[in-house]
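Asks: build the 3D model from these lines:
(3 chains)
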Amino acid sequence: MISAAAQGLVLSWWDRHGRDLPWRDTRDPWAVLIAEIMAQQTQVNRVVPRWHEFLERWPTPAVLAAASLADVLRAWQGLGYPRRAANLHRSAQVVVADPGLGGSLPDTLEGLLALPGIGPYTARAVLAFAHEADVGVVDTNTGRILARVGGRRLGARAAQVAADAWVPAGEGWAWNQAMLDVGALLCRPVPRCHDCPLATSCRWALDGWPNPDPAAKSAGVSVRQAPYRGSMREVRGRVLDVLAEGGATTDDVIASSVRALAPSAAHHAEPLDVRVVEALTQLEADGLVAVSASIVTLAGDPAVA
DNA sequence: TATTCGTGGAA
DNA sequence: TTTCCAAGAAT
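Replies: Model prediction:
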């Protein structure tokens, strides 16, 4: 738990130092969902302009559901993890097709979790930020705070229990926004405790920051990741870039991708064209790419050579 | 529980 | 330059 005094310190710190993010001016569940999906493993400053563009083009689930996946993937270019875009597109189609929902997103935890690409964090973020529900939102930022203030490493379940318990009654929206900002601005991987409203409540800080940092690998978030350069992720990314320009023969796509990958090809024994073919195969299996009669396109694009 | 899934800003 | 890691989810 956390004291009412500490809660007050957090909220008053946030009044003065909280970030000004555009999705904080809306309670539209669709707009909130787009922001949350885009922000998954992606810095919010990079999301802001893309969020405006996306919502202007597809302001409701219905209009997104009617768009081609290829157009959605193009709108996603540069954000990374394109399957987020595919899942969002699919979620929109589910919502539109379900007579019980009438084109609106579910407003229950279970309903949101049932949609592809929406997990424990995103579902609760929609509840807290669109519906102003008193639920705790656990992400990489709040997960660090919970572990450090508690002075011990937390599993995903314990982190969720603590996050829920910390929410001041009736303040779910502001509290979670504040926690996200404390985590992003102060309780960072390398902490900046000097101005932190929780400094006098934080077990880890009060004990003199002993090793190991309780936030490390805590709350089931912030997974350590493999190198990107030379990875299959990089290969798939370059292949999608090439396909975004328009359909081409498989040979053309392979040649263009190999060219785009040339700078990072040196460290790998397997020939680049073999890896590109493997990437195409994976992308097709994931439904992001369509291959027909030796023509490759983004899924949903007309296959004109 | 451990891996895999893109991209780019920041230190 | 390299390394880290960001409003996570799915498997």
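
Asks: quick check: A:F54 touching A:L79?
Replies: No - under the criterion of C-beta atoms under 8 Å, A:F54 is not in contact with A:L79, lying 9.5 Å apart. Yep, even glycine has a C-beta here, placed from its N, CA and C like the rest.

Asks: so what sits against both of these two?
Replies: Applying C-beta atoms under 8 Å, 6 or more residues apart in numbering, one finds that A:F54 and A:L79 are jointly contacted by A:M38.

Asks: looking at the two, which has the bigger crowd around it?
Replies: A:F54 (23 against 19; other C-beta atoms under 10 Å).

Asks: report the contact partners of the more buried one.
Replies: Counting by C-beta under 8 Å, 6+ apart, A:F54 has contacts A:I34, A:M38, A:A75.

Asks: A:D28 now?
Replies: Listed by C-beta under 8 Å, 6+ apart, the contact set of A:D28 reads A:A130.

Asks: for DNA strand B, what are the nearby residues on chain A?
Replies: Contacts of chain A with DNA strand B, taken as C-beta under 7 Å from any atom of the strand, map to A:41-43, A:45-46, A:77-83, A:155-156, A:220, A:223, A:225-226, A:228, A:231-234, A:236-238, A:240-241, A:282.

Asks: quick one: pLDDT of the residue nearest to A:C202 when sequence neighbours are not counted?
Replies: Distance criterion C-beta to C-beta, 6 or more residues apart in numbering; nearest residue to A:C202, sequence neighbours excluded, is A:V149 at 4.7 Å. A:V149 is assigned a predicted lDDT (pLDDT) of 97.

Asks: now A:V223
Replies: Reading off the confidence values, A:V223 has pLDDT 77.

Asks: repeat that for A:G247.
Replies: 70.

Asks: so what's the spatially closest residue to it that is not a sequence neighbour up against?
Replies: Excluding the flanking residues, the one nearest A:G247 by C-beta to C-beta, 6+ apart is A:T297, at 3.9 Å. Applying C-beta under 8 Å, 6+ apart, we find A:T297 in contact with A:A70, A:L243, A:G246, A:G247, A:V289, A:A290, A:A303.

Asks: which SSE is A:T297 in?
Replies: Assessed by DSSP states H and E, A:T297 sits inside strand A:295-298.

Asks: closest residue of chain A to DNA strand C?
Replies: Closest residue of chain A to DNA strand C, C-beta to the nearest atom of the strand: A:G119 (2.6 Å).

Asks: measure how buried the spatially closest residue to that residue that is not a sequence neighbour is and give me the count.
Replies: Distances taken as C-beta to C-beta, 6+ apart place A:L113 nearest to A:G119, at 7.1 Å, with adjacent residues excluded. Applying other C-beta under 10 Å, we find 14 residues neighbouring A:L113.

Asks: need the contact list for A:L113.
Replies: A:G119, A:P120, A:A123.

Asks: in CSV: those residues, plus pLDDT.
Replies: CSV is the format used below for the contacts of A:L113 (pLDDT from 0 to 100):
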residue, pLDDT
A:G119, 98
A:P120, 97
A:A123, 98
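
Asks: please pull out the lowest mean pLDDT helix or strand from chain A.
Replies: strand A:248-249 (a mean of 88; mean pLDDT, DSSP states H and E).

Asks: and that strand, what does it pack onto?
Replies: Counting contacts by 3 or more C-beta pairs under 8 Å, 6 or more residues apart in numbering; DSSP states H and E, strand A:248-249 is packed against strand A:295-298.

Asks: partner strands of the strand it packs on and their direction?
Replies: Applying DSSP bridges, strand A:295-298 is found paired with strand A:248-249 (antiparallel), strand A:289-292 (antiparallel).
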